[in-house]
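Undergrad: below is the sequence, then the predicted model.
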Amino acid sequence: MFSSLSEKLQDVFKKLRGKGKLTEKDIKEAMKEVKLALLEADVNYKVVKDFINTVTQKAVGEEVLESLTPAQQVIKIVYDEMVNLLGGSDTKLTFSPSGFSIYMMVGLQGSGKTTTAGKLAGLLKKQGKNPSLVACDIYRPAAIKQLEVVAQKVGVKCYADYTSQDAVKIAKDGIEFAKSNRSDVVIIDTAGRLHINQELMDELKNIKNAVKPTEILLVVDAMTGQDAVNVAEAFNDQLGIDGIIMTKLDGDTRGGAALSVKAITGKPIKFAGVGEKMEDLEVFHPDRMASRILG
Ligand code: GDP
């Protein structure tokens, strides 16, 4: 587990006395290495600073446990704090008490939104739900077709209207369609843009107000690193999101974006996309992510 950081910390503590209690000096030296590891993992600078401060406060004066070396003790504090930050209590998808849940997928074009809508439908179907998909991208007929294809792959119904230019009406009609199919879950795939703009946000707000989703799920691409943070902040400020799905974690990114988006928006990461296939969606595991970020 994060062997390179562990080795570096062993080295740091070799130079220090590091017996008994962890001193401020011990921690300061160790935190330089932790900071580097986090920056290498592409964690946002402000998030790194806050994280280091929190960990330092927790670590100074700690007794070194009998069973651990000082380096292992610091690693444990860093790891536990990161799991704590990445996780929290609300990482599970919330279902509506009414028995009919509506999820609205939002995100930039190319983030993996449409693929993830299909994956989520597949996952919920496996859990015994009866999901329907709704195609609300009125700008790209190819995106509507793509949603129909993924719906077929996972074996769920999909509502599409190639003629309408009214995303709100499509969303409402899609919900009626789902109800008539006895669905208990509706997943609405919305339009994305290459960049955030007001027109997109206004359209999403209109859909939100019209359908009152159980959750708005933001899809972000882990490979976009620091940009993912700006995207998450903008969507959360303007629209209000309930959770994040981070895609493309099968790539070679260390995944620092996960820590950054969670720390900056305060919104939980609920699922991780780990490939292009429909089954490549996992419930998010804060512990695995922490190990990966620490390298
Ligand atoms: P949208 O424009 O946001 O709807 O994005 P798409 O769903 O069309 O996905 C864009 C590209 O990313 C497609 O080639 C997907 O196959 C790919 N993709 C989506 N999720 C993942 C993932 O978790 N891992 C990988 N490797 N590719 C993904």
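TA: Looks like it arrived, so ask away. Numbering: from 1, shown residues only.
Undergrad: list the buried ones in stretch 131-141?
TA: Residues of stretch 131-141 classed as buried: Pro131, Ser132, Leu133, Val134, Ala135, Cys136, Asp137, Ile138 (neighbour count, 16 or more other C-beta atoms under 10 Å). Yep, even glycine has a C-beta here, placed from its N, CA and C like the rest.
Undergrad: helices along the stretch 51-200 of the chain, start to end?
TA: Per DSSP state H, counting those that start in this stretch, the stretch 51-200 of the chain carries helices over the ranges 70-86, 113-126, 141-154, 167-180, 198-211.
Undergrad: right, so these: which one is the most enclosed?
TA: Looking across the helices of the stretch 51-200 of the chain with neighbours counted as mean count of other C-beta atoms under 10 Å, the highest average goes to helix 113-126: a mean of 24.
Undergrad: could you say what helices and strands it packs with?
TA: Packing contacts for helix 113-126, counted by 3 or more C-beta pairs under 8 Å, 6 or more residues apart in numbering; DSSP states H and E, involve strand 101-106, strand 131-136, helix 141-154, strand 185-190, strand 215-221, strand 243-247, strand 269-273, strand 281-283.
Undergrad: got the contact list for that helix?
TA: 103, 105-107, 131-133, 137, 143, 146-147, 150-151, 153-156, 185, 187, 189-190, 192, 217, 219, 245, 247, 271, 273, 276, 278-281 (C-beta atoms under 8 Å, 6 or more residues apart in numbering).
Undergrad: for stretch 131-146, what is the average pLDDT?
TA: For stretch 131-146, the mean pLDDT works out to 95.
Undergrad: re earlier: which among the buried residues of stretch 131-141 gets closest to the ligand?
TA: For those, the closest approach to the ligand (C-beta to the nearest ligand atom) belongs to Asp137, at 7.9 Å.
Undergrad: can you redo the helices and strands packed on helix 113-126 as CSV with distance to the ligand?
TA: Listed next are the helices and strands packed on helix 113-126 as CSV, based on distance: least, C-beta to the nearest ligand atom, whole Å:
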stretch, distance to the ligand
strand 101-106, 8
strand 131-136, 11
helix 141-154, 6
strand 185-190, 7
strand 215-221, 6
strand 243-247, 4
strand 269-273, 3
strand 281-283, 8
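Undergrad: let's have those in a markdown table, adding distance to Met31.
TA: Below are the helices and strands packed on helix 113-126 laid out as a markdown table (distance: least, C-beta to C-beta, whole Å):
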| stretch | distance to Met31 |
| --- | --- |
| strand 101-106 | 36 |
| strand 131-136 | 46 |
| helix 141-154 | 45 |
| strand 185-190 | 42 |
| strand 215-221 | 28 |
| strand 243-247 | 26 |
| strand 269-273 | 25 |
| strand 281-283 | 31 |
